[in-house]
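Chemist: model the following, please.
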Amino acid sequence: MATIDTVRDILKENLDIDPETVTEDSTFESLNIDSLDMVELICDLEERCDIDFGEPDGIETVGQLVEYVDGLKNA
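Modeler: The predicted structure is shown next:
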């Protein structure tokens, strides 16, 4: 499964966000995702993708998140 699809699934399950509204250009602010929601998203991504997320700075869009996670998966 592509990373963006995993992100969409998690957002649907946790926050009831319609996956059709989530694009790589979507900002977390535009999706009304707050810092607590981000922590949950990151924890779920770590589990599903078998990665250690770390503490990156400057991730503001879904596309940036996908790129970061894909980089960890391929490391």
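Chemist: from the chain's centre, how far out does the longest helix belonging to the chain sit?
Modeler: What stands out as the longest helix in the chain, according to DSSP state H, is helix 35-49. Helix 35-49 sits 7 Å away from the centroid of its parent chain (CA atoms, centre = their mean, to the nearest Å).
Chemist: which parts of that helix are buried?
Modeler: Using 16 or more other CB atoms under 10 Å as the test for burial, helix 35-49 gives 37, 41, 42, 44, 45, 49. (Glycine included, C-beta is placed from N, CA and C.)
Chemist: other SSEs contacting the very next helix or strand once past it?
Modeler: Sequence-wise, the next helix or strand downstream of helix 35-49 (DSSP states H and E) is helix 62-73. Contacts defined by 3 or more CB pairs under 8 Å, 6 or more residues apart in numbering; DSSP states H and E place helix 62-73 against helix 3-15, helix 35-49.
Chemist: okay, the angle between the shortest one and helix 35-49?
Modeler: Between the direction of helix 3-15 and that of helix 35-49, the angle (axes from the mean of the first three to the mean of the last three CA atoms, to 10 degrees) works out to 130 degrees.
Chemist: could you say what helices and strands helix 3-15 packs with?
Modeler: Under the contact criterion of 3+ CB pairs under 8 Å, 6+ apart, helix 3-15 touches helix 35-49, helix 62-73.
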